[in-house]
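[1] here is my input; please provide its structure:
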Amino acid sequence: MTVDDPRDERARLQLHVRQAPQDFIAWVMLSDAELDHGDTDAGRRAAERALDLRPRHPEALARLGRSHWLSGRHAQAAQALSEAAAQAPQHPGIALWLGHALEDAGDAESAAQAYEQAYRLLPGEPMFAAHLLNWRRKLCDWRDLDALSAQVRRAVREGRGVVEPFAFLSEDATPQEQLACARQRAQALASVVRPLPPASPATEDAPLRLGFLSNGFGAHPTGLLTVAFFEALQAHATVSTHLFALTPDDGSPIRQRLATATHLYDLASLPHARIAQAIRDQRIDVLYDLRGWGGGGTPEVLAMRPAPVQVNWLAYPGTSGAPWIDYVLADRFALPEALVPAYSEAVAYLPGAFQPSDTRRTLDTPPPREACGLPGTGVVYACFNNSYKVNARSLARMLDILANVDDSVLWLLSGPGRADDRLRTAAQARGVDPARLVFTRKLPHAEYLARYRHADLFLDTHPYNAHTTASDALWAGCPALTCPGETFAARVAGSLNHHLGLHEMNVTDDEAFVATGIRLGRDAAARTDLRVRLQAAIAHAPLFDMPRFAEGFADVAWRMADRHRKGLPPAPLG
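    Modelled structure (predicted):
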């Protein structure tokens with residue numbers, strides 16, 4: 001390691017400010033370095049020291065705001081960054097950070113204005129275009145979306161600029177473009193992260209220690225999907241399960257069940273190096289990344305290589321593109337052989353579906369239809385996917401179904417800002433009464449799950465499917481109609497249908513999607529028959545059999561670890 005290695009920059013700056021404590025620029029740069037290493041407290045202190053030297057300076061205020069944002073203090077972050085932006089209105093980086101803070105503070109439309117300002121200042125920068133594109137999708141603001149998407153996809157193909165891979169999943173991109181996007185993000189991260197020294201090898205007959213890293217171990221889609229699986233995994237004496245939680249205890253029943261079923265470590269707010277060392281200290285053999293490139297994760301920790309075998313699973317439906325991830329855990333429907341060349345990882349196939357589910361969920365009685373904003377009669381189509389998945393193409397085929405089924409309504413999850421109003425406007429432009437779109441706010445999980453008793457058919461989105469939401473709908477007895485695409489993210493709902501034996505609910509194109517939706521909407525007997533078959537599948541198909549899932553999972557984990565213990569490289573399994 002040379003003294004010019006960028007991974008030494010933090011230590012160099014720490015030494016410099018001790019020797020030159022009046023150096024304002026050094027304190028600003030140190031704040032950046034500390035925040036990049038996940039030490040939000042140190043980053044805040046450095047920013048405050050810079051402000052002591054130059055009160056209200058926009059660069060120092062921006063770092064203070066960024067430290068608040070990374071610590072979850074969104075209102076304070078928005079205040080500091082708003083002040084910085086007012087003093088430096090031509091600074092695109094400050095405008096971008098202000099967008100992040102306003103987004104998380106719940107001021108959705110102001111966040112859009114901040115992202116637009118950042119893009120106006122640097123219209124050729126792919127990262128700024130990508131953030132504006134992503135946030136407009138969330139707001140269902142489809143102005144200039146095709147041009148923005150084309151700009152971002154072109155930059156990814158040409159290797160220009162780093163785009164967040166999670167947001168890129170919403171683009172109608174090829175698997176090869178997704179790989180290129182992820183690789184570019186991973187390469188940028190690798191240049192600033194120093195791996196831990198290699199761990200001492202485990203003996204071949206040692207018990208298997210499985211680690212799981214996530215920000216979702218609570219009342220979160222990841223916790224909801226995995227809790228019954230972890231409970232079932234307790235029966236396997238040859239493995240021990242260790243959860244590394246990036247968020248504090250939320251007091252939810254899911255968190256309590258997770259803590260009871262596993263060894264759970266609260267690592268919230270710790271710097272990346274301390275999280276990595278905590279994982280290393282537990283001598284984890286196989287570490288599963290349950291966040292990937294999604295927001296709130298810590299890819300920096302995985303890049304430090306705290307475990308000898310590291311696996312991409314569940315929360316990020318695409319390739320990591322990262323050299324520190326050895327395997328991706330999948331099933332043959334979600335990740336067919338044709339997709340394998342677009343994955344940087346070796347593919348380890350589970351014997352059934354890749355996605356577990358909480359089979360201890362109970363279905364309460366929902367309020368009456370009228371109390372949910374629904375008409376007393378008529379077919380209810382539902383799509384409770386997040387707003388960024390409900391793009392123009394997906395909404396158009398839903399509205400085409402609605403227009404051809406009398407007295408039907410479309411039940412949607414309310415989006416941020418004026419997203420709902422924009423969807424109503426889009427419906428009106430397509431000749432559908434906006435009143436036929438019914439919106440529901442986010443609810444506690446049990447209340448939300450009960451609402452599916454009023455839904456006749458779940459209409460999926462493209463190219464980013466329902467994932468946890470599809471599992472919820474099916475478990476609640478609501479059939480899901482989907483059109484599997486060419487990427488993992490576009491095939492998850494199809495995987496669930498496939499493993500339930502409901503193959504006819506996986507259609508080939510938009511025309512078939514609309515035709516099937518109309519046919520089922522007009523035929524009450526066909527809907528009843530479909531529900532009966534779904535209920536039988538829930539009881540007997542392997543999709544919701546968590547002991548069976550745990551058995552297959554443990555077997556694949558042992559096979560991955562066994563290869564490593566024998567000195568063999570990762571290889572396709574299954």
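
[2] report the longest helix in the chain, please.
    The longest helix of the chain (DSSP state H) is helix 546-565.

[3] now that one: mean pLDDT?
    For helix 546-565, mean pLDDT rounds to 96.

[4] then stretch 124-131?
    Mean predicted confidence for stretch 124-131 is 95.

[5] which residues in the stretch 1-150 of the chain form strands?
    Assigned strands in the stretch 1-150 of the chain: none (criterion: DSSP state E, counting those that start in this stretch).

[6] what's the longest helix of the chain packed up against?
    Contacts defined by 3 or more C-beta pairs under 8 Å, 6 or more residues apart in numbering; DSSP states H and E place helix 546-565 against strand 208-214, helix 221-233, strand 239-245, strand 286-289, strand 309-312, strand 346-349. In this view, the C-beta of every residue, glycine as well, is placed from N, C-alpha and C.

[7] compile these into JSON lines and extend it with columns for mean pLDDT, distance to residue 192 and mean neighbour count.
    Output for the helices and strands packed on helix 546-565, formatted as JSON lines (pLDDT from 0 to 100; distance: least, C-beta to C-beta, whole Å; neighbours: other C-beta atoms under 10 Å):
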{"stretch": "strand 208-214", "mean pLDDT": "97", "distance to residue 192": "20", "mean neighbour count": "25"}
{"stretch": "helix 221-233", "mean pLDDT": "97", "distance to residue 192": "27", "mean neighbour count": "23"}
{"stretch": "strand 239-245", "mean pLDDT": "97", "distance to residue 192": "22", "mean neighbour count": "22"}
{"stretch": "strand 286-289", "mean pLDDT": "98", "distance to residue 192": "19", "mean neighbour count": "26"}
{"stretch": "strand 309-312", "mean pLDDT": "98", "distance to residue 192": "19", "mean neighbour count": "26"}
{"stretch": "strand 346-349", "mean pLDDT": "98", "distance to residue 192": "26", "mean neighbour count": "20"}
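
[8] which among the ones you listed is found nearest to residue 104?
    helix 221-233 (17.8 Å; C-beta to C-beta).

[9] just the strands from the stretch 401-550 of the chain, written as ranges.
    Under DSSP E, counting those that start in this stretch, the stretch 401-550 of the chain gives strands at 409-413, 437-440, 457-459, 480-481.

[10] who does the first one touch, helix- and strand-wise?
    Identification of packing neighbours for strand 409-413 by 3+ C-beta pairs under 8 Å, 6+ apart yields strand 380-383, helix 392-403, strand 437-440.

[11] out of these, deepest packed?
    Scoring those by mean neighbour count under mean count of other C-beta atoms under 10 Å gives strand 380-383 as the most buried, with a mean of 24.

[12] give the rounded mean pLDDT of that strand.
    Strand 380-383 comes out at a mean pLDDT of 98.

[13] name the residues that touch stretch 115-133?
    85, 89-93, 95-96, 99, 112, 135, 145, 148-149, 151-152, 155-156, 160-164, 167-168, 171 (C-beta atoms under 8 Å, 6 or more residues apart in numbering).

[14] on that earlier part again, any chance of the helices and strands packed on helix 546-565 in a markdown table with distance to residue 118 as columns?
    Formatted as a markdown table, these follow (distance: least, C-beta to C-beta, whole Å):
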| stretch | distance to residue 118 |
| --- | --- |
| strand 208-214 | 30 |
| helix 221-233 | 29 |
| strand 239-245 | 33 |
| strand 286-289 | 29 |
| strand 309-312 | 30 |
| strand 346-349 | 38 |
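
[15] between these, which gets nearest to residue 459?
    helix 221-233 (19.5 Å).

[16] show residues contacting the closest one.
    212, 214-217, 239, 241, 243, 252, 254-255, 257-258, 261-262, 290-291, 314-315, 355-361, 445, 467-468, 471, 546-547, 549-550, 553-554.

[17] and with 6 Å instead?
    214, 216-217, 241, 254, 257-258, 261-262, 290, 315, 356, 358-360, 468, 546-547, 549-550 (C-beta atoms under 6 Å, 6 or more residues apart in numbering).

[18] what's the answer for stretch 412-428, then?
    So stretch 412-428 is contacted by 108-109, 138-140, 383-384, 387, 395, 399, 434, 437, 439, 441 (C-beta under 6 Å, 6+ apart).

[19] alright, that wraps it up for me.
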